[in-house]
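Engineer: Take this sequence and fold it.
(2 chains)
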Protein chains: 2
Amino acid sequence: MSKVITSREQDYSKWYNDIVVEADLADHSAVRGCMVIKPHGYAIWEKMQQALDKMFKDTGHVNAYFPLFIPKSLFEAEEKNAEGFAKECAVVTHYRLKTDPNNKAKLIVDPEAKLEEELVVRPTSEAIIWNTYKGWIESYRDLPILVNQWANVVRWEMRTRLFLRTAEFLWQEGHTAHASKEEAVEETKRMLEVYADFAENWMAVPVIKGVKTANERFAGADDTYCIEALMQDGKALQAGTSHFLGQNFAKAFDVKFTSKEGKLDYVWATSWGVSTRLMGALIMSHSDNNGLVIPPKLAPTQVVIVPIYKGDEGLKKVSAVANTIKKKLQDKNISVKYDDRDTQRPGWKFAEYELKGIPVRIGLGERDIENGTIEVARRDTLTKEVIKIDEVEAYVARLLEEIQTNLFAKAKERMSNMTHKAETYEEFKKILDEKSGFVLAHWDGTSETEERIKEETKATIRCIPLNNPAENGKCIYSGKPSSQRVLFARAY
Amino acid sequence: MSKVITSREQDYSKWYNDIVVEADLADHSAVRGCMVIKPHGYAIWEKMQQALDKMFKDTGHVNAYFPLFIPKSLFEAEEKNAEGFAKECAVVTHYRLKTDPNNKAKLIVDPEAKLEEELVVRPTSEAIIWNTYKGWIESYRDLPILVNQWANVVRWEMRTRLFLRTAEFLWQEGHTAHASKEEAVEETKRMLEVYADFAENWMAVPVIKGVKTANERFAGADDTYCIEALMQDGKALQAGTSHFLGQNFAKAFDVKFTSKEGKLDYVWATSWGVSTRLMGALIMSHSDNNGLVIPPKLAPTQVVIVPIYKGDEGLKKVSAVANTIKKKLQDKNISVKYDDRDTQRPGWKFAEYELKGIPVRIGLGERDIENGTIEVARRDTLTKEVIKIDEVEAYVARLLEEIQTNLFAKAKERMSNMTHKAETYEEFKKILDEKSGFVLAHWDGTSETEERIKEETKATIRCIPLNNPAENGKCIYSGKPSSQRVLFARAY
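Structural biologist: Here you go, the predicted model:
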């Protein structure tokens, strides 16, 4: 049992923070609201990036890179987008520091190096990208443009939490341009499917796919599609969004194309993104009071082998077998670490790898070798099994798949158990307070009702689920008629 | 012959810019000095990243991520480093925009959202990283720390050139911490070797390894090692640097460790980086008047197949064979594009792929299929050969290796031809003006002489080559005694 992690039951929020910090995923930095992503955390993010990047390329996208800065005049061009992000923009106003005349060891901003036009540090890149696309697009032959960018963005948040909400975060943002509305809508939905596929089949995090209400839409979008996940504490987490931007940015930046028929029209747009926030979703979906649990498909190290021995001779004997096992597992494309450091004891290592979420741990001792057996421990269930050494690679390969499947099944069952239906506002509030989780309820379709419910209960409409069954009912708040239930929850 | 590229002979600088823009590598953006890296350019950068990242990991390094912003008080802690970069720092002073009260469609910086302490957009990350390492290091057990970061950095340059010098650029920066000076020096040299290996064996760019003079050292380093390449116009380009930082940053940020013997000492540091500037080196090393030439190992697409046909039946026939060839090549891990677009003619495609530097082009026509032959064109020599279709995969695999080798050999020969020895200052200046290139000459070891030569000739000491032969002589400028020649050149 790890001593450093606060238990979920005692303080869920502290439990989360303890895992992030103690499992060496990330830490606060000297810059307000900005995090340091530590090597173990970054290695998981790299695995996510690789999987997503392949999915983007398999669906025809290419990567590019656009400037970090957006001149204020471009930033304000698409009014809704600008209005939505203006309150959280970091702004560069000067381009030089100089020695403080009153203290030679200090620097001050050089007042003579003031920019003529301020630069916004990108909170999202639609403006700079659509200003660039203007030069790339003349005719339908230049379309579609299917570009993605991996980048850092900055949104000045007042209350921050590691991975979930930080002033700077890492993400990818896809920005596509199309000749027709149909094609752009299709792209928006395609990328939502890619995100759902990634969340469920790589992160082992079940999600609800849906579309946001007008209130919760991305600033500048005509429609925002999203995937919503449910954390262990019953709060929802928006895990990815895909926006149909209509012709809003094309109009703001005057981006027109000549169609096959020779007609001039504005270009249709989408944008879609997921961020290091996914790390938060991953951590909160699977981890327990002993620390982090990583699904095998995203684990930088899938198997760790810890030797248990006495003296140099013992280590030599164990290492020979351990290295053979390591080689066999690597031949099956399993990532393995053999930890033969002599600076730490086996018990310390066991606790360390449990805390860090390594899916499978193999303890290998001299007696095991004599018996031809080894002990294999799985992180998800914390159970151990003794198996024959000869069977190790087949066993571990199967076990990794089983852990991946099991984590998803467990999370899916939890989500299902925590999804409720409310028929009245009283019931709705009672569920939120006593059970938490997703609540499916009727809503009259107005922003007013949505806002009132949010003010009174802190629950928001996470989405109108796709393929939502038609069901006549009455809005839980206003009593007005409704034709479908929408998904409510308190959210991160 | 491509019409869009200015020839090298006519205007070398314009030739370079034309290739960058017309081969779709990068373009200027609406932000002063910042570039847009276009998909074709970014794909080459991704290939570079992958190769380098593997080399870093194979030498024991891991990736992490540190904040974009550095509080001014941290930035100024290491005085030399701060002084060196102060003049080119973009500074964030505010964290909010608001609607302009005089014009509702405009935004202004909210004067009430002024930061208490200004934030520097990182020009390099030593300060923020060593401030972080302070919390990671207590004893020798915590060392070495071998961390790399892939990131964007900003240095406000007055005169910018795509890839070579831009206000924002992408790079990797390694930051390592060690328990001894010897280990840190060893690391510094190890990474220099990695860079030289990458430049020569991936980029096909020969380099001179050396150490910088005090004048040319990285601000805050005790020693800067570098690799220097020579461009076609005879100007040098610094392609990568590896710095031994001594205990300078450990002292500035008070980072101490307890040694095995229980002694408290400051930690030893290195940092090393290469950037998107390498793209400039790649372009200028191999390209010609027809456009870009990419070494096969860094080409996102190594082979393009262009069908030549009449009518749908013809295309069907050619496509069947083309797809078989494509499959066979892909099975050999060769990246292939089959361009069967019907919106462009074969001649247009030929010119396009020549301009974009695709190493091998296969033209496949109906008559070829009847003859059982195909025409294979190589980009480096612009020669073509007709070979039997059955032999295509073996031939192309061999050809790609040959192109890689040939590009390096050509560049190496050019560098050798353009490396001169000067015995007098007159001769030195004459070489620079009439032949250009590297000049090996004696120098008295003083900064004064170095500065004078720079002022008078614009040539700088690129490096003191490693394993430099001892040779007694007289400084070309002062006539004072010298024990070795150093490498001079005019540089990018």
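Engineer: And the helices in chain A?
Structural biologist: For chain A, helices defined by DSSP state H occupy the ranges A:12-22, A:39-58, A:72-75, A:79-85, A:126-136, A:181-201, A:248-252, A:277-286, A:311-331, A:346-356, A:366-371, A:392-417, A:425-430, A:447-457.
Engineer: what's the closest of those to residue B:82?
Structural biologist: Nearest of these to residue B:82, taken as C-beta to C-beta: helix A:39-58 at 27.2 Å. Backbone N, C-alpha and C define where each C-beta goes, glycine included.
Engineer: which helices and strands does that closest one pack with?
Structural biologist: Helices and strands touching helix A:39-58, by 3 or more C-beta pairs under 8 Å, 6 or more residues apart in numbering or on different chains; DSSP states H and E, are strand A:145-154, strand A:168-178, helix A:181-201, helix A:277-286, strand B:62-63.
Engineer: neighbouring contacts of the longest one?
Structural biologist: I take that to be helix A:181-201. The contact list for helix A:181-201, computed with C-beta atoms under 8 Å, 6 or more residues apart in numbering or on different chains, reads A:48, A:51-52, A:55-56, A:59, A:144, A:146, A:174, A:176, A:178, A:205-207, A:209, A:223, A:225-227, A:229, A:239-240, A:242-246, A:268-270, A:272, A:274, A:278, A:281, A:297, A:408.
Engineer: Now do that helix against strand A:168-178, angle only.
Structural biologist: Here helix A:181-201 points in a direction 140 degrees away from that of strand A:168-178 (axes from the mean of the first three to the mean of the last three C-alpha atoms, to 10 degrees).
Engineer: quick one on the thing from earlier: export the helices of chain A to TSV and tack on mean neighbour count?
Structural biologist: Putting those into TSV (neighbours: other C-beta atoms under 10 Å in any protein chain shown) gives the following:
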stretch	mean neighbour count
helix A:12-22	19
helix A:39-58	18
helix A:72-75	22
helix A:79-85	19
helix A:126-136	24
helix A:181-201	19
helix A:248-252	22
helix A:277-286	25
helix A:311-331	15
helix A:346-356	18
helix A:366-371	14
helix A:392-417	17
helix A:425-430	16
helix A:447-457	15
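Engineer: Which of these sits closest to residue B:259?
Structural biologist: Among the helices of chain A, the nearest to residue B:259 by C-beta to C-beta is helix A:346-356 (21.6 Å).
Engineer: and that closest one with chain B, contact?
Structural biologist: No. Helix A:346-356 lies out of reach of chain B by C-beta under 8 Å from any C-beta of the partner chain, never closer than 11.9 Å.
Engineer: confidence score at the residue lying closest to residue A:206 once chain neighbours are set aside?
Structural biologist: With sequence-adjacent residues excluded and distances taken as C-beta to C-beta, 6 or more residues apart in numbering or on different chains, residue A:206 is closest to residue A:412, at 4.3 Å. Here, the pLDDT recorded for residue A:412 equals 98.
Engineer: Now do residue A:412 against chain B, distance only.
Structural biologist: 31 Å (C-beta to the nearest C-beta, to the nearest Å).
Engineer: again, but for residue A:38
Structural biologist: If you measure residue A:38 against chain B using C-beta to the nearest C-beta, the figure is 6 Å.
Engineer: I'd say that residue and residue A:26 touch.
Structural biologist: Yes. At 5.8 Å, residue A:38 and residue A:26 qualify as touching, with contact defined as C-beta atoms under 8 Å.
Engineer: The most centrally placed residue in chain A and chain B: what is the separation?
Structural biologist: Central residue of chain A (C-alpha atoms, centre = their mean): residue A:278, 1.5 Å from the mean position. Distance, residue A:278 to chain B, by C-beta to the nearest C-beta: 15 Å.
Engineer: Contacts only, for that residue.
Structural biologist: By C-beta under 8 Å, 6+ apart, the contact set of residue A:278 is A:48, A:199, A:203, A:239-240.
Engineer: now do 10 Å
Structural biologist: Residue A:278 sits next to A:44-45, A:48, A:52, A:163, A:171, A:195, A:198-199, A:202-203, A:205, A:229, A:237, A:239-240, A:298 when contact means C-beta atoms under 10 Å, 6 or more residues apart in numbering or on different chains.
Engineer: What of residue A:176?
Structural biologist: Residues in contact with residue A:176 (C-beta under 10 Å, 6+ apart) are A:60-61, A:133, A:143-148, A:183-184, A:187-188, A:190-191, A:245, A:267-272.
Engineer: before we move on, the earlier item: which residues do residue A:38 and residue A:26 both contact?
Structural biologist: Among the neighbours of residue A:38, those also in contact with residue A:26 (C-beta under 10 Å, 6+ apart) are A:20, B:64-65.
Engineer: Compare residue A:38 and residue A:26 (neighbour count), which wins?
Structural biologist: residue A:26 (26 against 22; other C-beta atoms under 10 Å in any protein chain shown).
Engineer: How is chain A divided into domains?
Structural biologist: Per automatic domain parsing, the structural domains of chain A span A:12-68+A:123-286, A:299-414, A:419-489.
Engineer: Quick one: end-to-end length of the last one, please.
Structural biologist: Domain A:419-489 has an end-to-end distance of 10 Å (C-alpha to C-alpha, to the nearest Å).
Engineer: what's the offset of it from the middle of its chain?
Structural biologist: Distance of domain A:419-489 from the chain centroid (C-alpha atoms, centre = their mean, to the nearest Å) equals 26 Å.
Engineer: The first one now?
Structural biologist: Shown here is domain A:12-68+A:123-286, whose average C-alpha point lies 9 Å from the average C-alpha point of the whole chain (C-alpha atoms, centre = their mean).
Engineer: for the record, mean pLDDT for that domain?
Structural biologist: Domain A:12-68+A:123-286 comes out with an average pLDDT of 97.
Engineer: cool, the shortest one as well?
Structural biologist: Domain A:419-489 shows an average pLDDT of 97 in the prediction.
Engineer: go on, stretch A:323-339?
Structural biologist: Mean predicted lDDT for stretch A:323-339 stands at 97.
Engineer: Which residues does that stretch contact?
Structural biologist: Contact with stretch A:323-339 is made by A:47, A:296, A:299-307, A:318-319, A:322, A:340, A:346, A:349, A:352-353, A:358-362, A:364, A:374, A:389-390, A:392-394, A:396-397, A:400, as judged by C-beta under 10 Å, 6+ apart.
Engineer: how far is it from where the chain is centred?
Structural biologist: The answer for stretch A:323-339 is 29 Å, by C-alpha atoms, centre = their mean.
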